[in-house]
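*Asks:* Sequence and predicted structure are below.
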Amino acid sequence: MPVPFFDITRQNHSVQSEINAAVQAVISSGRYILGPNVAELEKEFAAYIGTKYAVAVASGTDALHLALRACGIKEGDEVLLPPFTFVATAEAIAYCGATPIFVDIQPDTFNLDPSKLAMKLTKKTKAILPVHLFGLPAAMDEIMQFANQHGLKAIEDCAQSTGATLNGRQTGAFGDAGCFSFFPTKNLGCFGDGGMITTNDEKMAEEVRVLRMHGSRKTYYHDIIGYNSRLDELQAAILRVKLPLLDSYSKARRKNASFYCSALNNIKGLALPVEPSNTKHTYNQFTVRVKNRDGLKDSLSQKGIPSMIYYPLSLHQQKPFLSSGQSFAESESAQKEVLSLPIFPELTPEEIAFVSSAIKEFCAK
Ligand SMILES: *Cc1c(COP(=O)(O)O)cnc(C)c1O
């Protein structure tokens with residue numbers, strides 16, 4: 001039985017007629033960029049996250065970049081982030097001319113370890129960029145306390161955590177800004193690229209609006225050098241159909257995770273994802289740790305079961321960031337042991353049982 005790693009067509013099928021109607025309405029309207037659907041989506045998304053403002057941009061990477069710019073991050077500044085994340089987190093810092101300063105992760109949550117922030121603090125440190133990796137909220141209470149104590153900005157990378165909560169509060173509502181991605185494989189995905197910045201700060205919202213639109217407040221009058229980073233109406237209309245369904249998608253991912261956890265309970269040498277009791281993990285990825293990771297991956301693959309390695313190489317070991325010359329034991333150990341299993345909402349219980357029994361068989365050897 002071949003199992004897909006991610007199959008968006010199953011989800012599309014369930015909302016096909018609503019999406020067709022929404023797309024057709026945009027086509028007929030003649031408004032394609034930053035129109036009424038984007039404006040409404042921004043209101044609906046802000047209400048969902050629980051922030052005063054949300055500003056739509058062209059991608060999750062742009063959300064990070066523009067949020068950092070709006071915070072005034074510039075050449076010579078240092079920004080703290082985990083090395084175990086997608087490259088875009090560090091790229092956004094580099095785009096501003098600032099230096100990414102890595103802080104090692106916790107081995108169980110895969111998120112930034114707040115107890116290691118203090119040793120990386122210098123006079124140049126201006127911001128912290130925690131990532132809610134795989135959909136599990138980072139330790140925002142400790143991170144915000146550190147940020148406030150040292151006068152640092154906090155920008156959350158919520159690309160994988162749309163809908164996840166910590167103490168009942170949505171990720172993206174803790175820092176100065178939350179940065180979301182609507183890439184098709186994310187928990188709330190569109191049919192192309194898209195992103196969003198959430199904030200309670202009116203000035204920040206205004207600043208990113210100006211930055212996304214060529215630095216202009218008034219059409220054809222330009223105050224600063226900005227960017228072309230707009231969300232289009234088609235993507236916004238699709239996202240407006242799917243946003244009301246996001247909680248049901250998260251619920252399905254969580255149910256799949258609990259199926260895996262009961263099937264894979266107590267297997268020696270296999271560590272399941274953790275979910276602290278004050279968090280709601282949204283499982284953009286279901287990532288286990290196992291010593292013979294490559295062996296397990298091959299064995300699953302032979303049975304038609306795809307799996308992914310997020311991430312095989314920490315950012316401090318990637319060519320653009322090698323100059324830091326540092327090592328991070330937890331991140332380097334995670335990259336050798338992590339394996340992400342199929343987890344998307346429409347995966348069937350039979351498929352999960354099939355994947356689980358293949359893992360059990362391998363681990364019993
Ligand atoms: C996907 C992702 C991004 C980038 O989002 P795009 O919409 O693809 O630009 C940034 N950070 C993390 C952690 C991601 O997973």
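*Replies:* Nice, I can see it.

*Asks:* So which residues on the stretch 101-250 of the chain come close to the ligand?
*Replies:* Val131, Asp157, Ala159, Gln160, Ser181, Phe183, Asp193, Gly195 (Cβ under 6 Å from any ligand atom). C-beta here means a position set from N, CA and C on the backbone, and glycine is covered the same way.

*Asks:* Helices - which of those residues land there?
*Replies:* Among these, no member falls in helices (DSSP state H).

*Asks:* Dump the residues you listed into JSON lines; add pLDDT as well.
*Replies:* Shown next, in JSON lines, are those (pLDDT from 0 to 100):
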{"residue": "Val131", "pLDDT": "98"}
{"residue": "Asp157", "pLDDT": "98"}
{"residue": "Ala159", "pLDDT": "98"}
{"residue": "Gln160", "pLDDT": "98"}
{"residue": "Ser181", "pLDDT": "98"}
{"residue": "Phe183", "pLDDT": "98"}
{"residue": "Asp193", "pLDDT": "98"}
{"residue": "Gly195", "pLDDT": "98"}
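
*Asks:* out of those residues, what pair is the most spread apart?
*Replies:* Val131 and Asp193 (19.0 Å; Cβ to Cβ).

*Asks:* Name the residue in those two with the higher neighbour count.
*Replies:* Set side by side, Val131 and Asp193 show more neighbours around Val131, with 27 against 18, by other Cβ atoms under 10 Å.

*Asks:* just checking, that one touches Ile105?
*Replies:* No: applying Cβ atoms under 8 Å, one finds Val131 not in contact with Ile105, separated by 9.3 Å.

*Asks:* Show me how this protein divides into domains.
*Replies:* The chain breaks down into these domains under automatic domain parsing: 8-244, 246-363.

*Asks:* The residue in the chain that the ligand sits nearest to: neighbouring residues, count only.
*Replies:* Closest contact between the chain and the ligand, by Cβ to the nearest ligand atom, is at Gly60 (2.5 Å). Using other Cβ under 10 Å, Gly60 has 28 neighbouring residues.

*Asks:* what residues are up against it?
*Replies:* Going by Cβ atoms under 8 Å, 6 or more residues apart in numbering, Gly60 touches Ala88, Ala159, Cys179, Phe180, Ser181, Phe182, Phe183, Lys186, Gly195.

*Asks:* The second one contacts Lys186, doesn't it?
*Replies:* Read that as Ala159. Yes: contact criterion Cβ under 8 Å: Ala159 and Lys186 qualify, at 6.3 Å.

*Asks:* Identify the contacts common to those two.
*Replies:* Gly60, Phe180.

*Asks:* No further queries at this time; thank you.
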